[in-house]
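A.B. asks: predicted structure and sequence below. I'll ask about it afterward.
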Amino acid sequence: MNELVAHGIGSRQDLPIPFAFAVGGAAAALVISFVVLAVAWREPRFAGDAGGRALPLWVTGAIDSPALRWALRALGLLLVGYTVMTAYLAPDFATNPTAGLVYVVFWLGLIPASLLFGPVWTALNPIRTVHLLLARATGSAPESAGLKPLPAWLGSWPAAAGLLAFAWLELVAPDRGTTPVIRAFFTAYLGVHLVGAVVFGSRWLDRGDAFEVFSRLLGRLSPFGRRADGRVVVRSPLANLDATSVGPGLAAVVCVLLGSTAYDSLTGSPRFVRWYQGSPLGATAASTLALVAAVAGIGAAYALATALAGRATGLPWRAMPGAFGHAIVPIALGYLVAHYLTLFVLEGQRTMIAISDPFSDGSDWFGTAGHGVDQSIANHPTLVSSIQVGAIVVGHVLGAVAAHDRSVRLFPRARAVAGQLPLMVLMVTYTVAGLLLLFAA
Amino acid sequence: MRTVRPRRPGVRGPATVLLAATTAFALTACGDGDAVGSGSTPGPSLTSSEPSPSETSADEPSETASATPSTTPSPSPSETESAAPKPAKIRIKVVAGEVTSPTDRLPATIGQTVRITVTSDVAEELHVHGIEELFPLPAGERQVLEFVVPAEPGPGLYDVELEASSLLLFQLEVR
């Protein structure tokens, strides 16, 4: 093995949160759930697609204008093109920015970008651009049609599978910081989705591309949305969340997000690491099993809680998981913020420095090569712990509120409380589990 | 036709819920005195592997008991307090891929010396992540490795592992 040390992503982890914070957070989660259940509103508050204050017409026009659309597509091609360059042409040293660009700037950067602006990856996705260009070149069919109609049952299941595969790459794959591994993954990813887009049209990417779905779901918590007539509106994020379209696979996607983040937290525990390193199955197989088990566990709990809710209220239990999937999105967001905030701040800076000298030849393309990383966030562990617990608790609040509103919309009034109980227990369990992982792992 | 129920007075809604949550959190979390990053984490003993290593206190009784000058200088109590913090020590053995370590996490502070006594049955390298220290380990020989915890990258948890096999030895908990 060369003496060049492994890539920096994940070389530092946050300190465990103090015990008092974990207890405080759990107490807050319990109190919220009681408050919501007992005294919160009885009529649905959120108006879904119809609500929100419309912005001036020129705003919608500007956002949908071909000029902006093509500028964003070009930007997407540029960003991904730069990463392809560093992945294929730059030497695989610790200073190669590829891993940082993929795991931190792209994956984690999509979170604030989508929270602010909505589903940004839909506008930037180079796979979509390539497919569009191919369709225009052949001229045979408009971009939204394909060779076959997209089956309705497929929904977001391909996205859930894609997110699980990406989680595997990020958390389990041996040598995941190295460029050969990253190249292999994304070549396969591009292949699958280009074929999907050619066969089913660009609608395949709407629900099938993992990163588009990720960006789209997080975008449900942004203040911007669209009314049914296409006009851009400003809405409360909770109202926007309530307007999330329900479809097959939505629940699977949120469970994968939650489960993979929980698994990532778990890998910080030395006891867990020793377990899979000592496993007779081998480290990779054991940790893969653990990742799948984490996602399956989250999913099973979710399915059980929603099925019980359906039972308690006399509604068909099959429809329940989809109806409440949107309420888990804020909880998943809380987990993501708690776990990745310092990584984003620290490794993000390091990546911004590395992009100026991808070939490690002393150049300074963007002027950042000489900068140092500002690590002040690491010097305040109590502040970091507070933000982590705060993110999880706020995620719980938003999730509880979203679930409550959906419950009063769907459930008959007499059974509304009984129907909400399983969901509340589920959310408290997720929150307590998240806090426990921050404390003990 | 259903009668319209009059809305209950008072503020319901997300604001109330958030207020309740914040209050509950503040009451439980801030009630505890030690909020300044020193939240004690009950769990496996986090002390270093050797029992309370106070060389000075062991020296003092012997100094008064016998008149023979000791080879190591025995500083008086006031001198000890102003001296550098004692090193954080840990002793590890690695045999056939199995790690024997007294603790999963070794606490240390910035500026403190960390002393790792390690024996590995195969030739390896010991890598301290984040702090980026790399020490060669010849096969079968006991090595005493020392380094000082730098100010960068700061407080956090850092994996200490064998480089080639990625075997985790322990985590350094820097505060």
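C.D. replies: Structure received. Numbering: from 1, shown residues only, chains lettered A, B, ... in the order given.

A.B. asks: where does pLDDT dip in chain A?
C.D. replies: Counting by pLDDT under 70, the ranges of chain A that qualify are A:1-8, A:140-145.

A.B. asks: same thing but at 50, please
C.D. replies: Along chain A, segments meeting pLDDT under 50 span A:1-6.

A.B. asks: the strands in it, which residues?
C.D. replies: A:12-13, A:53-54, A:224-226, A:232-234 (DSSP state E).

A.B. asks: need the residue closest to the centroid of chain A.
C.D. replies: Residue closest to the mean C-alpha point of chain A, counted by C-alpha atoms, centre = their mean, is residue A:214 at 4.7 Å.

A.B. asks: quick check: closest non-adjacent residue to residue A:437.
C.D. replies: residue A:265 (3.9 Å; C-beta to C-beta, 6 or more residues apart in numbering or on different chains). Every residue, glycine included, has its C-beta placed from N, CA and C.

A.B. asks: please apply the same query to residue A:122.
C.D. replies: residue A:212 (5.3 Å).

A.B. asks: and that neighbour, how far from residue A:148?
C.D. replies: According to C-beta to C-beta, to the nearest Å, residue A:212 and residue A:148 sit 20 Å apart.

A.B. asks: what number of residues lie near the residue nearest to residue A:437?
C.D. replies: Using other C-beta atoms under 10 Å in any protein chain shown, residue A:265 has 23 other residues around it.

A.B. asks: I figured residue B:172 was touching residue B:115, is that so?
C.D. replies: No: with contact defined as C-beta atoms under 8 Å, residue B:172 does not count as touching residue B:115 (12.0 Å).

A.B. asks: between those two, which one's more packed in?
C.D. replies: Counted by other C-beta under 10 Å, residue B:172 and residue B:115 do not tie: residue B:172 has more neighbours, with 23 against 17.

A.B. asks: give the other helices and strands that the helix or strand hosting the more buried one contacts.
C.D. replies: Using DSSP states H and E, residue B:172 sits in strand B:167-174. When contacts are defined as 3 or more C-beta pairs under 8 Å, 6 or more residues apart in numbering or on different chains; DSSP states H and E, strand B:167-174 sits against helix A:270-278, strand B:88-95, strand B:98-100, strand B:105-108, strand B:156-162.

A.B. asks: list the buried residues in it.
C.D. replies: B:167, B:168, B:169, B:170, B:171, B:172, B:173, B:174 (16 or more other C-beta atoms under 10 Å in any protein chain shown).

A.B. asks: which residues are in contact with that strand?
C.D. replies: With contact meaning C-beta atoms under 8 Å, 6 or more residues apart in numbering or on different chains, strand B:167-174 is reached by A:13, A:15, A:270, A:273-274, A:277, B:46, B:90, B:92, B:94, B:97, B:99, B:101, B:103-110, B:114, B:118, B:126, B:128, B:131, B:149, B:154-162.

A.B. asks: in chain B, which spans are helices?
C.D. replies: Applying DSSP state H to chain B gives helices spanning B:14-30, B:55-65, B:77-82.

A.B. asks: which of those helices has the lowest average pLDDT?
C.D. replies: Note on the helices of chain B: lowest mean pLDDT is at helix B:55-65, with a mean of 37.

A.B. asks: what's the burial count for the nearest residue to residue A:15 once chain neighbours are set aside?
C.D. replies: Nearest residue to residue A:15, sequence neighbours excluded (C-beta to C-beta, 6+ apart): residue A:381, at 4.8 Å. Using other C-beta under 10 Å, residue A:381 has 24 neighbouring residues.

A.B. asks: my read is that residue A:381 contacts residue B:175, right?
C.D. replies: Yes: the pair residue A:381 and residue B:175 qualifies as a contact (C-beta under 8 Å) at a distance of 6.9 Å.

A.B. asks: for residue A:396, which residues are in contact?
C.D. replies: By C-beta under 8 Å, 6+ apart, the residues touching residue A:396 are A:28, A:29, A:32, A:330, A:331, A:334, A:427, A:428, A:430, A:431, B:21.

A.B. asks: err, residue A:158, not the other one
C.D. replies: A:196, A:204, A:207, A:208, A:209, A:210, A:249.

A.B. asks: again, only using 7 Å
C.D. replies: residue A:208 (C-beta atoms under 7 Å, 6 or more residues apart in numbering or on different chains).

A.B. asks: repeat that for residue A:204.
C.D. replies: A:150, A:196, A:197.

A.B. asks: so how far is chain B from it?
C.D. replies: 36 Å (C-beta to the nearest C-beta, to the nearest Å).

A.B. asks: in space, what's closest to the residue of the stretch 151-300 of chain A found nearest chain B - neighbours in sequence excluded?
C.D. replies: Of all residues in the stretch 151-300 of chain A, residue A:270 sits closest to chain B, at 3.8 Å by C-beta to the nearest C-beta. Distance criterion C-beta to C-beta, 6+ apart; nearest residue to residue A:270, sequence neighbours excluded, is residue B:104 at 3.8 Å.

A.B. asks: separation between that neighbour and residue A:441?
C.D. replies: Applying C-beta to C-beta to residue B:104 and residue A:441 gives a distance of 11 Å.

A.B. asks: same deal with residue B:158?
C.D. replies: In this view, residue B:158 and residue A:441 are 15 Å apart by C-beta to C-beta.

A.B. asks: who has more neighbours, those two?
C.D. replies: Taking other C-beta under 10 Å, residue B:158 and residue A:441 do not tie; residue B:158 has more neighbours (23 against 17).

A.B. asks: wouldn't that one be in contact with residue A:14 here?
C.D. replies: No: between residue B:158 and residue A:14 there is no contact under C-beta atoms under 7 Å: 11.3 Å.

A.B. asks: burial count for residue A:191?
C.D. replies: 10.

A.B. asks: which residues does residue A:333 contact?
C.D. replies: A:218, A:221, A:395.

A.B. asks: and the stretch 101-250 of chain A, which residues reach chain B?
C.D. replies: Proximity of the stretch 101-250 of chain A to chain B (C-beta under 7 Å from any C-beta of the partner chain) is limited to residues residue A:238.

A.B. asks: before we move on, the earlier item: possible to save the contacts of residue A:396 as CSV with neighbour count?
C.D. replies: Listed next are the contacts of residue A:396 as CSV, based on neighbours: other C-beta atoms under 10 Å in any protein chain shown:
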residue, neighbour count
A:28, 30
A:29, 28
A:32, 30
A:330, 28
A:331, 27
A:334, 27
A:427, 26
A:428, 18
A:430, 26
A:431, 27
B:21, 25
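
A.B. asks: just checking, which of those residues belong to helices?
C.D. replies: Short answer: the contacts of residue A:396 in helices (DSSP H) are A:28, A:29, A:32, A:330, A:331, A:334, A:427, A:428, A:430, A:431, B:21.

A.B. asks: no more questions from me, cheers.
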